[in-house]
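Asks: Sequence plus the predicted model coming up.
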Amino acid sequence: MKVLVPVKRVIDYNVKVRVKADGAGVDLANVKMSMNPFDEIAVEEAIRLKEAGTASEVVAVSIGVKQAQETLRTALAMGADRAILVVAADDVHQDIEPLAVAKILAKVVEAEEPGLVLAGKQAIDNDMNATGQMLSALLGWSQATFASELKIEGDSAVVTREVDGGLQTIKVKMPAIVTVDLRLNEPRYASLPNIMKAKKKPLDEKTAADYGVDVSPRLEIVKTTEPAARQAGEIVADVDTLVAKLKEKGIV
Amino acid sequence: MAVLLLAEVTDGALALDATAKAVNAAKTLGDVTVLCAGASAAAAGESAAKIDGVSKVLVAEDPALGHRLAEATAALIVSLAGDYSHIVAPATTDAKNVMPRVAALLDVMVLSDVTGVVDADTFERPIYAGNAIQTVKSKDAKKVITFRTSTFDAAGEGGSAAVEAVSAPGDPGLSEWVEDKVAASDRPELTSAKIVVSGGRGVGSEEDFKIIEALADKLGAAVGASRAAVDSGFAPNDWQVGQTGKVVAPELYVAVGISGAIQHLAGMKDSKIIVAINKDEEAPIFQVADFGLVADLFQAVPELTEKL
């Protein structure tokens, strides 16, 4: 079984986000970019499936700017076998919407015929939480989102999902799309020898036009602003003062 | 213009708070028709009909809709979509599972976690874990939206909308439910609680989380946890407050042993009053707290529980 893993290049999760003064968006020039943390978990899970003999090949794919090849090299260094880069934007500030990403991924799936697509549940930049579900819809496949446990049983995947009330386990027919949550696994660090080896692994480069997909956005960004700041309050001396303050506010 | 609103129905019962908040968010967009779907959903439909601002309720009952599996629920919504300009839901995990699938089937973009309605085409939503707010204008003919419930007040009760049955398109046979593991609790639900008491890594163990729970029970509060506490196994996943957990905005939020990572702040910074108890006076949580207490939580929390 082949496993396809879409990965996104996003601002590193440790970087403080700055909104541009003109309200045009978040400043991404000269900031550290990394693989979306949820996608790292998906890559790790795919590699573990391969190590367990369940998966035969792990293919990483990224859609975005040309620099996303660095993200793909990271996936290759972790253990993916090969990578596909679909260049769909020239400017790092242009985010390709989940619908367009899903359309391109659907074409990649048609060509690659994986048995499983493992994706992060959301990207930490646009926080849409949509690509996996949309891809599943376009392919008419089953979907299991927010996975904290994944077991392949024959032609089904048994997936435990993190939901509002606790955990839900469902069984989905393969081929399937599984989107992963934080507690599925702890991604490995790529070793230096593996980083060197990754440079020699195949990386195909395509464009959105190769797949005939129109990536023009459906959502026009009117403006981007800083959220209302919250003022720090006061440090109270002890528990008695805290109780008195809360009573004063009429809250307890 | 008309709105189809997917109600939050769990095992046949309506989650009133989440649904009523979404109704309030949606009613400026047009007449609101609420869809209650499930293996049994009639009782939920009766409850939804009483929400103020609901003009009609549709009830779809089918075993395939039983556990809100995305494939069957999305197919149902798409079969009804023709009459509506907006298809909306509260941003619960169920709706986040279903609505992007609906959007793709309709060839439109989804608008996730919307926190503000500017006009029928224009909406505000947080990005980058709430570190920026983006205003976007949709060019799609139909808008598919999930509303972040913590930023909207719940619509009241007193309505008496007509209830109508609709048929489901049937089971696509792609997925099946195996089991739910839901913790039974007498405490209020986290996202609708008036008071939330949360513990972080500083609490140290699952055993020590009992002091958090004792304070919560004294206040009649829900219990929350930071991602660090959940990852460490101190608390179950459904207690997690933050960017990837639940977003809450109670009257009072008490953060105990929580440093205040950006991803946690994203889930609670809209709370009316924030209290932080932490022994590290440099902890970033104090920058958003209305009242901070620099103290050892193992002394301060039991003392607070006793004195309240």
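Replies: Yep, that arrived.
Asks: now residue A:234: how far from chain B?
Replies: 6 Å (C-beta to the nearest C-beta, to the nearest Å). Every C-beta, even on glycine, is put in place using the N, C-alpha and C of the backbone.
Asks: Just give the closest residue to that residue, not the sequence neighbours.
Replies: Spatial nearest neighbour of residue A:234, chain neighbours left out: residue B:291 (6.4 Å); criterion: C-beta to C-beta, 6 or more residues apart in numbering or on different chains.
Asks: Residue B:148 too?
Replies: Closest to residue B:148 by C-beta to C-beta, 6+ apart is residue B:113, at 4.6 Å.
Asks: Could I get the full set of strands for the stretch 101-250 of chain A?
Replies: A:116-120, A:142-153, A:156-163, A:166-173, A:176-180, A:203-207, A:219-225, A:234-236 (DSSP state E, counting those that start in this stretch).
Asks: can you redo those strands as a markdown table with mean neighbour count?
Replies: Compiled in a markdown table, the strands of the stretch 101-250 of chain A are given as follows (neighbours: other C-beta atoms under 10 Å in any protein chain shown):
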| stretch | mean neighbour count |
| --- | --- |
| strand A:116-120 | 28 |
| strand A:142-153 | 21 |
| strand A:156-163 | 22 |
| strand A:166-173 | 20 |
| strand A:176-180 | 28 |
| strand A:203-207 | 15 |
| strand A:219-225 | 16 |
| strand A:234-236 | 16 |
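Asks: JSON lines please, covering the ones you listed and showing mean pLDDT.
Replies: Shown next, in JSON lines, are the strands of the stretch 101-250 of chain A (pLDDT from 0 to 100):
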{"stretch": "strand A:116-120", "mean pLDDT": "98"}
{"stretch": "strand A:142-153", "mean pLDDT": "97"}
{"stretch": "strand A:156-163", "mean pLDDT": "97"}
{"stretch": "strand A:166-173", "mean pLDDT": "96"}
{"stretch": "strand A:176-180", "mean pLDDT": "98"}
{"stretch": "strand A:203-207", "mean pLDDT": "98"}
{"stretch": "strand A:219-225", "mean pLDDT": "97"}
{"stretch": "strand A:234-236", "mean pLDDT": "95"}
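Asks: Contact partners for the residue nearest to residue A:234?
Replies: Counting by C-beta atoms under 8 Å, 6 or more residues apart in numbering or on different chains, residue B:291 touches A:233-234, A:236, A:242, A:245-246, B:273-276.
Asks: Could you name the helices and strands sitting against the strand or helix carrying the residue nearest to residue B:148?
Replies: Under the criterion of DSSP states H and E, residue B:113 resides in strand B:110-114. In terms of contacts (3 or more C-beta pairs under 8 Å, 6 or more residues apart in numbering or on different chains; DSSP states H and E), strand B:110-114 is packed against helix B:93-105, strand B:122-127, strand B:143-147.
Asks: most surrounded residue in the contacts of residue B:291?
Replies: residue B:276 (27 neighbours; other C-beta atoms under 10 Å in any protein chain shown).
Asks: Could I get the full set of helices for the chain?
Replies: All of this refers to chain A. Remark: helices assigned in chain A by DSSP state H are A:37-51, A:68-78, A:98-112, A:131-139, A:192-198, A:239-248.
Asks: Switch to chain B, please.
Replies: Listed in chain order, the helices found in chain B under DSSP H are B:16-26, B:42-49, B:70-80, B:93-105, B:209-219, B:227-231, B:262-268, B:297-307.
Asks: if I look at the closest residue to residue A:24 other than its chain neighbours, how far off is residue B:25?
Replies: Leaving aside its sequence neighbours, residue A:24 sits nearest to residue A:224 (C-beta to C-beta, 6+ apart; 6.7 Å). Note on residue A:224: its distance to residue B:25, by C-beta to C-beta, to the nearest Å, is 21 Å.
Asks: Equivalent analysis for residue B:31, please.
Replies: According to C-beta to C-beta, residue B:31 and residue B:25 sit 14 Å apart.
Asks: So if I had to pick from the two, which one is more boxed in?
Replies: residue B:25 (28 against 15).
Asks: Correct me if wrong: the more buried one contacts residue B:117.
Replies: Yes. Residue B:25 lies in contact with residue B:117 (C-beta atoms under 8 Å); the separation is 6.4 Å.
Asks: burial count for the nearest residue to residue A:2 once chain neighbours are set aside?
Replies: The shortest distance from residue A:2 to any non-neighbouring residue, by C-beta to C-beta, 6+ apart, is to residue A:114 (4.3 Å). Using other C-beta under 10 Å as the criterion, residue A:114 is surrounded by 23 other residues.
Asks: Tell me the pLDDT of residue A:114.
Replies: Model confidence at residue A:114, given as pLDDT, is 98.
Asks: Please determine how far it is located from residue A:141.
Replies: 11 Å.
Asks: between these two, what contacts are shared?
Replies: Residues touching both residue A:114 and residue A:141 by C-beta under 8 Å, 6+ apart: residue A:175.
Asks: Residue A:74 - how many residues pack around it?
Replies: As a burial measure, residue A:74 scores 23 neighbours (other C-beta under 10 Å).
Asks: That one against residue A:190, yeah?
Replies: Yes. The pair residue A:74 / residue A:190 is scored as a contact, 6.6 Å apart, by C-beta under 8 Å.
Asks: shared neighbours, those two?
Replies: Joint contacts of residue A:74 and residue A:190 (C-beta under 8 Å, 6+ apart) are residue A:198.
Asks: what's the closest non-adjacent residue to residue A:48?
Replies: residue A:185 (6.8 Å).
Asks: Ignore what I typed, I meant residue B:205.
Replies: Distances taken as C-beta to C-beta, 6+ apart put residue B:234 closest to residue B:205, at 6.1 Å, once the chain neighbours are dropped.
Asks: I'd assumed residue B:198 was in contact with the one you found.
Replies: No. Contact status for residue B:234 versus residue B:198: not in contact, 11.2 Å apart, counting by C-beta under 8 Å.
Asks: can you list residues touching both of the two?
Replies: Common neighbours of residue B:234 and residue B:198 (C-beta under 8 Å, 6+ apart) are residue B:225.
Asks: Now for residue 17, how many residues are close by?
Replies: Looking at chain A here, since you left the chain open. Using other C-beta under 10 Å, residue A:17 is surrounded by 19 other residues.
Asks: meant chain B, my bad for not saying
Replies: For residue B:17, using other C-beta under 10 Å, the count is 17.
Asks: Check residue B:170 too.
Replies: By the other C-beta under 10 Å criterion, the neighbourhood of residue B:170 contains 12 residues.
Asks: what pLDDT does it get?
Replies: At residue B:170, pLDDT is 84.
Asks: try residue B:158
Replies: So residue B:158 comes in at 93 (pLDDT).
Asks: go on, the one 5 residues further on?
Replies: With respect to pLDDT, residue B:163 scores 98.
Asks: In the sheet, which residues pair with the nearest residue to it once chain neighbours are set aside? Tell me.
Replies: Spatially, and ignoring its direct neighbours in sequence, residue B:163 is nearest to residue B:57 (4.5 Å; C-beta to C-beta, 6+ apart). Beta-bridge partners recorded for residue B:57 (DSSP bridges): residue B:34, residue B:163.
Asks: for residue B:51, same thing?
Replies: In beta-bridge terms (that is, DSSP bridges), residue B:51 pairs with residue B:157.
Asks: what sits against it?
Replies: Per C-beta under 8 Å, 6+ apart, neighbours of residue B:51: B:16, B:19-20, B:23, B:34, B:155-157, B:159, B:161.
Asks: let's see 7 Å
Replies: By C-beta atoms under 7 Å, 6 or more residues apart in numbering or on different chains, the residues touching residue B:51 are B:19-20, B:23, B:155, B:157, B:159.
Asks: Likewise for residue A:105?
Replies: Counting by C-beta under 7 Å, 6+ apart, residue A:105 touches A:6, A:61, A:135.
Asks: Keep only the residues you listed that also lie close to chain B.
Replies: Among these, not one lies near chain B by C-beta under 7 Å from any C-beta of the partner chain.
Asks: Nearest to chain B among those residues?
Replies: Closest to chain B out of the contacts of residue A:105 is residue A:135 (7.7 Å), distances taken as C-beta to the nearest C-beta.
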